[in-house]
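Novice: test case, fold it:
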Amino acid sequence: MTAVDDLGLTIDIRERYRDVVSEKWPVIVTPQHDELLSSWLHRLAYANGIAPRPFARVLGLNAGMWSASLDLKLPADVENLLRAHTGISPQRLSAMMLTRSSLKPLLLPLRSSGRRDSSTWLQFCPRCLAEDAQPHFRQQWRLAIQVSCATHRCGLRDRCPSCRSRIAAFDQTELVPQHFCIRCGFDLRRASKVPMSPPAVRLNQCINDICRLEAITGSLRSGVLVQRLLRMPSVSDRFPTASLSSLSTSMRIRCVERLANRPTDWLTADEDAMAAHWRRSILLAGGHAPLIAQHADALEQKRHRRPATSRRKPTAELSALLGAYVRMMEDPRRRRTRHQGGRHSG
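Specialist: Below is the predicted model:
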């Protein structure tokens with residue numbers, strides 16, 4: 001149907017918008033590997049022409065740290081709304097959350113403190129954001145133990161280097177990508193590299209590998225290792241009374257730098273001989289994320305196939321695998337000989 005108004009303008013009456021797009025929102029964004037749910041929600045809002053803060057109302061939520069809190073708990077009505085309008089499966093939504101993570105005790109707390117020496121809830125690597133086709137924030141960047149980027153061998157940041165504000169994309173009222181500071185507009189991808197010594201980066205990677213393995217095997221639930229890691233400031237003699245999760249990223253980097261030049265007994269000592277053996281093996285190898293990922297994935301699959309009453313503990317099996325890997329790394333000639341022998345025997 002076409003009509004002409006008094007000004008001579010032609011007006012076409014077309015289909016209702018909601019009838020054209022059905023229940024789905026106009027633009028659906030694909031979650032990235034290891035992306036936080038909050039990061040995906042910010043990108044989803046931006047892609048559909050809505051700033052993050054008013055997008056909270058679309059989801060039926062109040063303002064504040066709305067998206068950050070959803071990383072930890074996603075209400076059923078919000079999950080149903082997201083599934084209906086994006087087609088994202090419950091499994092994929094759950095994979096972006098930290099609800100079931102064994103590392104929850106090591107998460108940076110949700111806080112809005114303006115103090116520069118206190119922790120903020122999220123960190124980032126400028127180089128990672130700059131190299132992303134779709135800049136996004138990783139789940140690991142919410143961990144207090146994560147202070148470096150293994151890919152770029154540098155320290156993380158937890159504030160805008162221009163105005164020193166925390167990362168708060170959830171409070172953005174303008175239609176701006178989440179990697180721009182909401183206070184001063186600085187592009188976080190342009191932040192300078194935070195230097196860290198190779199030994200400190202290596203120690204940080206080892207700590208993360210140890211935590212991942214013990215989370216997979218279930219031994220992290222005892223809380224012994226978690227408490228030891230939270231006391232790292234005291235062990236380093238930098239901030240004796242502080243908990244690791246209460247410090248800014250720059251202060252946690254100082255702790256790791258100091259510990260990197262000290263004996264690792266504070267980390268390896270354990271009543272469980274197998275746990276102590278893993279940790280020493282990982283530290284000796286200098287951390288090896290691809291190997292850790294491969295063994296952890298294999299262990300996860302095996303655990304699902306094996307009855308719960310299995311007598312053989314996966315911890316001992318994993319320790320043997322890591323020990324063999326370390327021995328191979330120490331003697332590359334033996335590794336090549338074994339490889340050739342296996343090839344000829346076939």
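Novice: can you pull out the strands in the stretch 1-150 of the chain?
Specialist: Under the criterion DSSP state E, counting those that start in this stretch, the stretch 1-150 of the chain contains strands at 2-4, 10-12, 148-149.
Novice: how close does Ala269 get to Arg252?
Specialist: 22 Å (C-beta to C-beta, to the nearest Å). Just so you know, the C-beta spots here come from the backbone N, C-alpha and C atoms, and that holds for glycine as well.
Novice: what about the closest residue to Pro233 other than its chain neighbours, which SS state?
Specialist: Leaving aside its sequence neighbours, Pro233 sits nearest to Phe239 (C-beta to C-beta, 6 or more residues apart in numbering; 3.9 Å). At Phe239 the chain is in coil, as set by DSSP: H, G, I helix; E, B strand; the rest coil.
Novice: test my guess that Phe239 contacts Ser250.
Specialist: No. At 11.8 Å, Phe239 does not count as touching Ser250 under the criterion of C-beta atoms under 8 Å.
Novice: please name the residues that touch the residue nearest to Pro233.
Specialist: By C-beta atoms under 8 Å, 6 or more residues apart in numbering, Phe239 lies in contact with Pro233, Leu247, Met251, Cys255.
Novice: and the third one, backbone torsions?
Specialist: This means Met251. Backbone torsions of Met251, given as degrees, to the nearest 10, read phi -70, psi -40.
Novice: all helices for the stretch 151-300 of the chain, in order.
Specialist: Here the stretch 151-300 of the chain has its helices, by DSSP state H, counting those that start in this stretch, at 198-217, 224-230, 232-235, 249-259, 265-268, 273-285, 289-305.
Novice: in the second one, what's buried?
Specialist: Same thing as helix 224-230. Within helix 224-230, the residues scored as buried using 16 or more other C-beta atoms under 10 Å are Leu225, Val226, Leu229, Leu230.
Novice: just among the contacts of Phe239, which is most surrounded?
Specialist: Ranked by neighbour count (other C-beta atoms under 10 Å), these have Leu247 at the top, with 24 neighbours.
Novice: got a pLDDT number for it?
Specialist: Leu247 carries a pLDDT value of 93.
Novice: does it touch Met232 like I think?
Specialist: No. Counting by C-beta under 8 Å, Leu247 does not reach Met232; the two are 9.3 Å apart.
Novice: what do the two both touch?
Specialist: In contact with both Leu247 and Met232: Cys255, using C-beta under 8 Å, 6+ apart.
Novice: low-confidence stretches in the stretch 151-300 of the chain?
Specialist: For the stretch 151-300 of the chain, the stretches with pLDDT under 70 are 288-300.
Novice: could you list the domains of the chain?
Specialist: In terms of domains, the chain is parsed into 37-104+113-190, 198-305+316-327 (source: automatic domain parsing).
Novice: export those domains as CSV, with columns for distance to Thr30.
Specialist: Formatted as CSV, the domains of the chain follow (distance: least, C-beta to C-beta, whole Å):
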stretch, distance to Thr30
domain 37-104+113-190, 8
domain 198-305+316-327, 22
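Novice: one step back: now the residue nearest to Pro233. Its backbone dihedrals?
Specialist: phi -140, psi 80.
Novice: try Asn48
Specialist: phi -100, psi 10.
Novice: isn't it up against Leu41?
Specialist: No. Using C-beta under 8 Å, Asn48 is not in contact with Leu41; the gap is 10.9 Å.
Novice: before we move on, the earlier item: between the contacts of Phe239, which is closest to Gln205?
Specialist: The shortest approach to Gln205 among those belongs to Cys255, at 15.4 Å (C-beta to C-beta).
Novice: burial of the nearest residue to that closest one once chain neighbours are set aside, as a residue count?
Specialist: Residue nearest to Cys255 in three dimensions, not counting chain neighbours: Ser236, with 4.2 Å by C-beta to C-beta, 6+ apart. By the criterion of other C-beta under 10 Å, Ser236 has 20 neighbours.
Novice: ok, Ser236 touching Arg258?
Specialist: Yes. The pair Ser236 and Arg258 passes the contact test of C-beta under 8 Å, sitting 4.3 Å apart.
Novice: who are the contact partners of Pro240?
Specialist: Pro233, Ser234.
Novice: ok, Ala191 touching Arg159?
Specialist: No. Using C-beta under 8 Å, Ala191 makes no contact with Arg159, being 9.5 Å away.
Novice: just to revisit the earlier point, weakest of the strands of the stretch 1-150 of the chain by average pLDDT?
Specialist: Sorting these by mean pLDDT places strand 2-4 lowest, at a mean of 56.
Novice: before we move on, the earlier item: and Asn48 and Leu41? which has more neighbours close in?
Specialist: For Asn48 versus Leu41, neighbours defined as other C-beta under 10 Å are more numerous around Leu41 (25 against 16).
Novice: give the contact list for the more buried one.
Specialist: When contacts are counted by C-beta under 8 Å, 6+ apart, Leu41 touches Pro52, Phe55, Ser67, Leu70.
Novice: closest one to Ala95 out of these, please.
Specialist: Leu70 (13.8 Å).
Novice: tally of neighbours for the closest one?
Specialist: By other C-beta under 10 Å, neighbour count at Leu70 equals 25.
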